[in-house]
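In: I'd like to go over a predicted model; first the sequence, then the structure.
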Amino acid sequence: MSKLARDVMTADPACCTADTTLDQIAKLMVANDCGEIPILDETAHPIGVVTDRDIVCRIIADGKNPVRYTADSCMSTPVFTVSDDMPIDEVVALMEEHRIRRVPVVDADGCCAGIISQADIAAMAPPGLTAELLCQVSQESTRPAL
């Protein structure tokens, strides 16, 4: 039987709201040894994500002080999510399609229940899926520069 997202995800990830300041988000990343924080609305549904790269490229590189900006000012949207009962090969396919390194996992109510990163895939999924994912998300992007 194939593994599901819930079998691979890191449960109960650090999350915050759109009005959390970026310095607080950076501290959450350090405390939780992660590079992405899901941004949730008042009902615990993901509305975006902030990555370490978002903070650096969209705020610090422009000479802005992260203490003065909130998640809303630099979060990546739309947020791509997977359900906790999605087979891991479908999770990898979604990550490849959207060229994302991490994806929030939602429960049946759409609330954030976990997160799956490339490292989670590498630790728990078949080696072929890991290699495929790394290859696809590492290709040169056609997205506009931040």
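Out: Received, thanks. Numbers count the residues shown, from 1 in each chain.

In: Low-confidence bits of the chain, can you list those?
Out: Within the chain, the set of residues satisfying pLDDT under 70 comprises 1, 125-146.

In: hey, where'd the helices end up in it?
Out: 5-8, 22-32, 52-58, 88-98, 118-124, 127-137 (DSSP state H).

In: Quick one: closest of those helices to Arg68.
Out: Of all the helices of the chain, the one in closest proximity to Arg68, counting by Cβ to Cβ, is helix 22-32 (8.5 Å). To be clear about C-beta, it is placed using only N, CA and C from the backbone, and glycine gets the same treatment.

In: quick revisit: any chance of the helices of the chain in TSV, with mean neighbour count too?
Out: Formatted as TSV, the entries for the helices of the chain read as follows, by neighbours: other Cβ atoms under 10 Å:
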stretch	mean neighbour count
helix 5-8	19
helix 22-32	16
helix 52-58	17
helix 88-98	18
helix 118-124	17
helix 127-137	15
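
In: what about those, which gets the closest to Gly110?
Out: Ranking those by proximity to Gly110 (Cβ to Cβ) places helix 5-8 first, at 13.9 Å.

In: Show me what that closest one packs onto, helices and strands only.
Out: Judged by 3 or more Cβ pairs under 8 Å, 6 or more residues apart in numbering; DSSP states H and E, helix 5-8 is in contact with helix 88-98, strand 112-117, helix 118-124.

In: change it to 7 Å
Out: The elements that helix 5-8 packs onto, with contact taken as 3 or more Cβ pairs under 7 Å, 6 or more residues apart in numbering; DSSP states H and E, are helix 88-98, helix 118-124.

In: now those in a markdown table, with distance to Gly110?
Out: Formatted as a markdown table, the entries for the helices and strands packed on helix 5-8 read as follows, by distance: least, Cβ to Cβ, whole Å:
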| stretch | distance to Gly110 |
| --- | --- |
| helix 88-98 | 16 |
| helix 118-124 | 21 |
